[in-house]
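> pasting a predicted model and its sequence here:
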Amino acid sequence: MHVIIDDIQPVNFHAGEQARRYLDTLTKPPGSLGALETLAIQLSAITGELKPSVMPPAVIVFAADHGVAAEGVSAFPQTVTAQMAANFAQGGAAVNVFARQVGARLEIVDVGIVGDEKIPGVMNAKVRHGTANMLEADAMQPEQALAVINAGAQAVERATQAGAKCLMVGEMGIANTTASSAMLAVLTGEPVASLVGAGTGIDQQQLSHKVAVIERAIAARNADPEAPLAVLAKLGGLEIAAMTGAYLATAKQRLPAIVDGFIATVAALIACRLSPAVRGYLIFGHRSQEPGHEVALRALDAKPLLDLGMRLGEGSGAVLAYPLLQSAAAMMAEMATFDSAGISDKATS
């Protein structure tokens, strides 16, 4: 599957309006289920169905390495990317636990882990062996960015061919908060220091160093904020580009995508800058503790469903939010109307 960015259609606002009217016929005071009603309306607009289905769900975790890890911006060594990918494949990570809980199909995709070793249980879609160190060179070439966007789209294609009706995308890549912060600073014009957090758990001295590395990389790469693909290629990550492709592909297939935390939201911002119609298909799962996440959410005018003080990544927050989509869909499918229940509506009593 090749993502055609210009071919993504907006959500079906007419279907959303029909859902809004139908909600007011259900046996409850209008608007009394709050954000769940807003979510139901969005699901109808996404799918074009009054009673949408979000089952079965699928989770895709993209893994890749970052050359900038050589600058000591993470609390963990680069080898942890491959080790965690193996842990995902063996079912031992948080995202595995939560995916099993909701019955989600889970695929782990290597789009750029350093090394040639094949990890059992991991789909190999490697575009290159990690990005270049963005202090010294562009993270990747534009054609590589497009190739990995395509790899993300192909992962969505596999999931939907298996029947998926809702997608959740996660990531693993040591130093990927560094790449995400650099891209977000360029795309929004916000100062780097206001975006950068502890990531995997660095101390204050390491945090100051991380800010300096990002500022130097931004100056060296000189990416144009009006050219999102160039920002992605110069400062991004392979797994972030794959997530971007996954959001584009999910929107093209008119399916809901639940966005995870900081890194996922930066990938979503890139996708929306490439194709603004993507925004209507995105549901934001949770608010991360990473300070840059608030800026990324604001750039997308997004209000997350959950706020649990998390900052893990992996798609974990997106999967935790999924049951709320199940509830919204079940409400539309199963709740009685005033007429069918023989209850007097306030408007007719």
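Thanks, I have it. Numbers count the residues shown, from 1 in each chain.
> drop to CA atoms for contacts and neighbour counts, all remaining ones
OK.
> what segments of the stretch 51-200 of the chain are helices?
79-90, 94-102, 142-161, 176-188 (DSSP state H, counting those that start in this stretch).
> the ones you listed: which one's closest to Ala341?
Of all these, helix 94-102 sits nearest to Ala341, with 31.0 Å by C-alpha to C-alpha.
> check which residues of that closest one are buried.
Ala94, Val95, Asn96, Phe98, Ala99, Val102 (16 or more other C-alpha atoms under 10 Å).
> can you give the contact residues for that helix?
57, 59, 88, 91, 105-106, 314-316, 319-320, 322-323 (C-alpha atoms under 8 Å, 6 or more residues apart in numbering).
> quick check: the two most widely separated of those residues?
That would be Phe88 and Pro323, which, of the contacts of helix 94-102, are the farthest apart (C-alpha to C-alpha) at 21.5 Å.
> so those two - more neighbours on which side?
Phe88 (23 against 14; other C-alpha atoms under 10 Å).
> please report how far the more buried one lies from Ala264.
18 Å (C-alpha to C-alpha, to the nearest Å).
> next: Glu117.
26 Å.
> when those two are compared, which one has more neighbours?
Taking other C-alpha under 10 Å, Glu117 and Ala264 do not tie; Ala264 has more neighbours (29 against 8).
> in this structure the more buried one contacts Glu239, no?
No: contact criterion C-alpha atoms under 8 Å: Ala264 and Glu239 do not qualify, at 9.7 Å.
> which neighbours do those two share?
Taking C-alpha under 8 Å, 6+ apart as the criterion, Ala264 and Glu239 both touch Glu171.
> identify the residues contacting Ile46.
Applying C-alpha under 8 Å, 6+ apart to Ile46 gives the contacts Val11, Asn12, Arg254, Leu255, Pro256, Gly280, Tyr281.
> for Leu274, same thing?
By C-alpha under 8 Å, 6+ apart, the residues touching Leu274 are Ile5, Pro228, Leu229.
> show me those residues that map onto strands.
Among the contacts of Leu274, none falls in strands (DSSP state E).
> between those residues, which is nearest Val127?
Leu229 (16.3 Å).
> for the protein, what are the low-confidence residue spans?
1-4, 199-200, 346-349 (pLDDT under 70).
> how is it partitioned into domains?
7-52+332-341, 57-324 (automatic domain parsing).
> which of those domains has the highest mean neighbour count?
domain 57-324 (a mean of 22; mean count of other C-alpha atoms under 10 Å).
> hmm, back to that, what about the contacts of Leu274, which are in helices?
When the contacts of Leu274 are checked against helices (DSSP state H), the matches are Pro228, Leu229.
> can you list the contacts of Leu274 in CSV and add distance to Ser44?
Output for the contacts of Leu274, formatted as CSV (distance: C-alpha to C-alpha, whole Å):
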residue, distance to Ser44
Ile5, 23
Pro228, 29
Leu229, 31
